[in-house]
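Enquirer: Pasting a predicted model and its sequence here:
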Amino acid sequence: MSVMGLGVGLIGIGFLIAAAYEAVADALGTLDASLIFAAVFIVLAIALFGLASFRWNRRPRPMLARARLGVVAEAIALAQTLIRKDPAKAVFAALVLGAITEYTRKRDADHTD
């Protein structure tokens, strides 16, 4: 029954659009009415597509969060192994990463000014 109701509702909307088209065509001419209706439907389609894309991109992604957590866990495990085997290499790696971080922050601060 709901599908039939939806179908009848869509048929009603189709007749309303046809009646609106005939009214605009009587007032402005068939070519102008066709262009107006085409433009309205294109703008409506773009708006609906934009809304759907926005909602799709904002949906929660639990698998992505778990994947990021897995990468962090692997990096921590690697750091622990590196520290246990040779602490000097871990200190050197920390110094290099700190220098890279400082360089990128300073560069970003210079570009924003």
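Expert: Received, thanks.
Enquirer: Against which helices or strands is the helix or strand bottoming out on mean pLDDT in the chain packed?
Expert: Lowest by mean pLDDT, DSSP states H and E among the helices and strands of the chain is helix 62-85, with a mean of 74. Applying 3 or more C-beta pairs under 8 Å, 6 or more residues apart in numbering; DSSP states H and E, we find helix 62-85 packed against helix 87-112. C-beta: built from backbone N, CA, C; applies to glycine.
Enquirer: from memory Tyr21 sits against Asp32, does it?
Expert: No - if you go by C-beta atoms under 8 Å, Tyr21 and Asp32 don't touch, sitting 11.1 Å apart.
Enquirer: Show me which of the two is the more surrounded one.
Expert: Per other C-beta atoms under 10 Å, whichever of Tyr21 and Asp32 has more neighbours is Tyr21, with 15 against 12.
Enquirer: Phi, psi for that one please.
Expert: phi -60, psi -50 (degrees, to the nearest 10).
Enquirer: For it, give me the pLDDT.
Expert: For Tyr21, the pLDDT comes out at 91.
Enquirer: So it versus Ile36, what's the distance?
Expert: From Tyr21 across to Ile36, the span is 9 Å (C-beta to C-beta, to the nearest Å).
Enquirer: Give me the common contacts of those two.
Expert: Common contacts of Tyr21 and Ile36, defined by C-beta atoms under 8 Å, 6 or more residues apart in numbering, are absent altogether.
Enquirer: Would you mark the buried spots in the strand or helix carrying Ala20?
Expert: Assigned by DSSP states H and E, Ala20 belongs to helix 2-28. Residues 24-25 are the ones in helix 2-28 that count as buried (16 or more other C-beta atoms under 10 Å).
Enquirer: And it, how far out from the chain middle?
Expert: 33 Å (C-alpha atoms, centre = their mean, to the nearest Å).
Enquirer: and what of stretch 86-105?
Expert: The answer for stretch 86-105 is 35 Å, by C-alpha atoms, centre = their mean.
Enquirer: What is the next helix or strand after the helix holding Ala20 packed up against?
Expert: Next helix or strand after helix 2-28 toward the C-terminus (DSSP H and E): helix 30-57. When contacts are defined as 3+ C-beta pairs under 8 Å, 6+ apart, helix 30-57 sits against helix 2-28.
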